[in-house]
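Undergrad: Make a model of this:
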Amino acid sequence: MKSYFTDKNLTLAYHLQFFANGDSGEKTEKATPKKREKAREEGQVAKSMEVTTALMLVVMFTAIKLLIPYVYERLHKLYHHMYQNFDIAVNELSVKLVGEILKHAIMSMMEILFPFFAIVVGIGLIGNFLQVGWKPSLKTMKPKFNKLSPIQGFKRLFSLRSVMELVKSLLKVTIIIVIVYLSINGKEGFILYVYELSLLEAFKLMTDIALDIGIKVGAFFIIIAIIDYIYQRFSLEKQLKMTKQEVKQEHKETEGNPEIKSKIRQKMREAAMRRMMHDLPSADVIITNPTHFAVAIKYDSEESLAPMVIAKGVDVLAAKIKSIAKDHEIEIVENKPLARTLYYTVDIGGEIPPELYQTVAEVLAFVYNLKKNKEG
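TA: The predicted model follows:
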């Protein structure tokens, strides 16, 4: 009888990531300085429009309260000018007269509005500078076609940011209603009988009430702005978080791949070794300890002020240096302390230190005498 399991091909579905030792892809690491800089260049910064709005309201309404005399004086002059020219226009209406009246009216309105326009521009720049500093980015102006996607739009509509914006809007409306109610509460009598006041008194009363409401609204908006700015920073930090793999990859890109760097160092060592072996036959003497260390010394008064170490090695490399020295009939002198000192204190291509001049000079003198004896 055949088994059921022998007649069926069983396929077991599994995911390789369950057996992987790497990270799970969760963004648990803080953003690196490089990623922060890149995000800043792309205009991705912690910025709250509520900060600019709050500053704008407080400063603008304060400026209006301070500039009321200036505005009233300019409007009063404009009214008198228009009234005087109206009498003339009744009798002598012309295109030139109408043009002059309009030109004067436009110039007067520009004089009135210019201080407020300057305040709006200044506060807008200051509000952004206080939050993100001075580093403008044009990348935020580039069109992003992914924002046209209905799916992405639906996700943004029900995101935490959208909910936060809705809460902010409701909070702002509620605060404005409460402030307006508290500001006009108890002043109904003045408002109802405002028609009994003179034009200037009525204008002043209504302006004072409006400005009082505006300054209070601005003050409460500062509280909202602080809360919103803290949230924007928290949201940005969350967006910029990286996975462990991303941090490792960035480190490789910044510092270089460790395997490649290791190969480069190995190639450099091999090149230095070839150069050392190439220069070794020109040595005057090999100083050994005698089994572990070998240091090749060369002295040329035209090339350097002091003898130079042109090759050195320990154990196997020391044996190879001595072997090459024998092949080229270079004298080998045993001096244990000097060999160790030169090996540890002088780099290849470096001159020996002054404190070793005497000892090395004695060795070189001994070698030169041997050569003279052999030649003689």
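Undergrad: CA only for contacts and neighbour counts going forward, please
TA: Will do.
Undergrad: and this protein, what are its domains?
TA: 33-249, 280-375 (automatic domain parsing).
Undergrad: quick one: A296 from L280, how far?
TA: A296 sits at a distance of 7 Å from L280 (criterion: C-alpha to C-alpha, to the nearest Å).
Undergrad: ok, the two, which is more surrounded?
TA: Per other C-alpha atoms under 10 Å, whichever of A296 and L280 has more neighbours is A296, with 32 against 25.
Undergrad: for the more buried one, helix, strand, or coil?
TA: Following DSSP: H, G, I helix; E, B strand; the rest coil, we place A296 in the strand state.
Undergrad: How about the contacts made by it?
TA: 280, 283-287, 309-312 (C-alpha atoms under 8 Å, 6 or more residues apart in numbering).
Undergrad: try it again with 10 Å
TA: 276, 279-288, 308-313, 318, 321-322, 325, 330-332, 339, 342-343, 348 (C-alpha atoms under 10 Å, 6 or more residues apart in numbering).
Undergrad: May I have the beta-bridge partners of it?
TA: On the basis of DSSP bridges, A296 is bridged to I286, A311.
Undergrad: Make 27 the starting number, not 1.
TA: I'll keep to 27 as the first residue from here, and by that count the last item is A322.
Undergrad: average pLDDT across whichever helix or strand K287 is part of?
TA: Using DSSP states H and E, K287 maps to helix 284-305. Averaged across helix 284-305, pLDDT comes to 81.
Undergrad: What of stretch 312-321?
TA: Averaged across stretch 312-321, the pLDDT comes to 87.
Undergrad: Would you indicate which residues of that stretch are buried?
TA: Using 16 or more other C-alpha atoms under 10 Å as the test for burial, stretch 312-321 gives 312-316, 318-321.
Undergrad: now the strands: where do they sit in the stretch 177-326 of the chain?
TA: With DSSP state E, counting those that start in this stretch as the criterion, the stretch 177-326 of the chain has strands at 311-314, 319-324.
Undergrad: Now stretch 101-115: buried residues?
TA: 101, 104, 108, 111-112.
Undergrad: If you count contacts, what does the strand or helix carrying Q110 end up packed against?
TA: According to DSSP H and E, Q110 maps onto helix 75-117. Packing partners of helix 75-117 (3 or more C-alpha pairs under 10 Å, 6 or more residues apart in numbering; DSSP states H and E): helix 121-158, helix 225-266.
Undergrad: ok so, going back, between the buried residues of stretch 101-115, which is nearest A228?
TA: Among the buried residues of stretch 101-115, L101 lies closest to A228 (C-alpha to C-alpha), at 15.6 Å.
Undergrad: ok, now how distant is that closest one from I132?
TA: Distance of L101 to I132, given as C-alpha to C-alpha: 12 Å.
Undergrad: Likewise for D326?
TA: With C-alpha to C-alpha as the criterion, D326 and I132 are 91 Å apart.
Undergrad: how much space between I347 and L266?
TA: Distance of I347 to L266, computed by C-alpha to C-alpha: 57 Å.
Undergrad: I am finished for the moment; much appreciated.
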